[in-house]
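A.B. asks: just coords:
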């Protein structure tokens, strides 16, 4: 259940995030994923300490616009 919930959250956030280029993480940034049976809270320091992975993917917008993007982030 936890992985499905995280994948669902990331599935909703990734298309939005792919439309923007992020160069740095704000020191005040925080990630909070909560729900029935799950409670994940990470500070920017904790997020930056996780192993980063970079991959290339394709983003298809709701209007059908296709772009190739490179995403760097961490896996929970």
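C.D. replies: On my side now, so go ahead. Please read all numbers here as calculations on a predicted model, not as lab measurements.
A.B. asks: Please, where are all the helices along this structure?
C.D. replies: 2-18, 44-49 (DSSP state H).
A.B. asks: rank those helices by pLDDT, which is bottom?
C.D. replies: Ranked by mean pLDDT, those end with helix 2-18 at the bottom, a mean of 51.
A.B. asks: which ones are touching residue 29?
C.D. replies: Going by C-beta atoms under 8 Å, 6 or more residues apart in numbering, residue 29 touches 43-44, 47. Using the backbone N, CA and C atoms, a C-beta is placed for each residue, glycine as well.
A.B. asks: what do you get if the cut-off is 10 Å, keeping everything else the same?
C.D. replies: 42-45, 47-48 (C-beta atoms under 10 Å, 6 or more residues apart in numbering).
A.B. asks: Per-residue pLDDT of it, please?
C.D. replies: Reported pLDDT for residue 29: 89.
A.B. asks: Any chance of the backbone angles for it?
C.D. replies: phi -60, psi 150 (degrees, to the nearest 10).
A.B. asks: what about residue 40, how many residues close to it?
C.D. replies: Residues lying near residue 40 (other C-beta atoms under 10 Å) number 14.
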